[in-house]
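Q: I need the structure of the sequence given here:
(one chain, ligands or ions: 1)
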Amino acid sequence: MSAKDLLYPSTEEQSRVHKKKSLIPHTKSYFNRVKCENCQNIQIIYSHATTTIKCFKCGIVLTRKTGGKCELINCLVHKDKLR
Ligand SMILES: [Zn+2]
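A: The predicted structure follows:
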């Protein structure tokens, strides 16, 4: 074993570890309590919903799919804390 091996950990090893880490991202998902702008109905929406969510009262579309988390449309985030 040479001194070089001790001083510098293999870059291959490091990138492998890094890749492995990135495969398991920290899920920052949460639930939003939103208020429908159309009918004022309040409902809870998952921040990373992968499907379009509609207001269950009036049927208006509340989320739009983007690359990652869903974008809220036609509704406002209700600031009350979830209990
Ligand atoms: Zn509504």
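
Q: pLDDT score assigned to residue 80?
A: According to the predicted model, the pLDDT of residue 80 comes to 61.

Q: same question, residue 50
A: For residue 50, the pLDDT comes out at 82.

Q: Confirm for me that it is in contact with residue 64.
A: No: between residue 50 and residue 64 there is no contact, the gap being 11.8 Å when judged by Cβ atoms under 8 Å. C-beta coordinates here come from the backbone N, C-alpha and C atoms, glycine included.

Q: anything in contact with each of the two?
A: residue 70 (Cβ atoms under 8 Å, 6 or more residues apart in numbering).

Q: And the lowest mean pLDDT element among the helices and strands of this protein?
A: One helix or strand of the chain scores below all others by mean pLDDT, DSSP states H and E: helix 11-23, with a mean of 60.

Q: next SSE after that one?
A: Using DSSP states H and E, the helix or strand that follows helix 11-23 in sequence is strand 31-36.
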